[in-house]
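Trainee: no FASTA, just this:
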């Protein structure tokens, strides 16, 4: 379960140049604060639940 106020760790692939040894972007990957959660529920032949998250990152403490 993810709720507003949770801190989640995101790993994004590197576009080019600013990556680490695992192919991850050092600028974009890291901890993010969840500021908004939207639940999308489709109740049809094949019920489906999706979550849309609004997240923010404010971590410039790492050396880039």
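Mentor: Cool, got the structure. What you see is a predicted model; the values in this text were computed from it and never measured. Residues are numbered from 1 along each chain as shown.
Trainee: can you pull the pLDDT of the residue positioned nearest the centre of the chain?
Mentor: Nearest to the mean C-alpha position of the chain, by CA atoms, centre = their mean, lies residue 10 at 4.5 Å. What the model reports as pLDDT for residue 10 is 92.
Trainee: same deal with residue 13?
Mentor: You'll see residue 13 listed with a pLDDT of 88.
Trainee: please report how far it lies from residue 44.
Mentor: Residue 13 is 33 Å from residue 44, where distance means CB to CB, to the nearest Å. The C-beta positions use only the backbone N, C-alpha and C, and glycine is treated the same way.
Trainee: what's the answer for residue 53, then?
Mentor: For residue 53, the distance to residue 44 - CB to CB - is 23 Å.
Trainee: which one of residue 13 and residue 44 is surrounded by more residues?
Mentor: Per other CB atoms under 10 Å, whichever of residue 13 and residue 44 has more neighbours is residue 13, with 11 against 6.
Trainee: quick one: neighbours of the nearest residue to the more buried one once chain neighbours are set aside, just the number.
Mentor: Leaving aside its sequence neighbours, residue 13 sits nearest to residue 23 (CB to CB, 6 or more residues apart in numbering; 5.9 Å). Applying other CB under 10 Å, we find 10 residues neighbouring residue 23.
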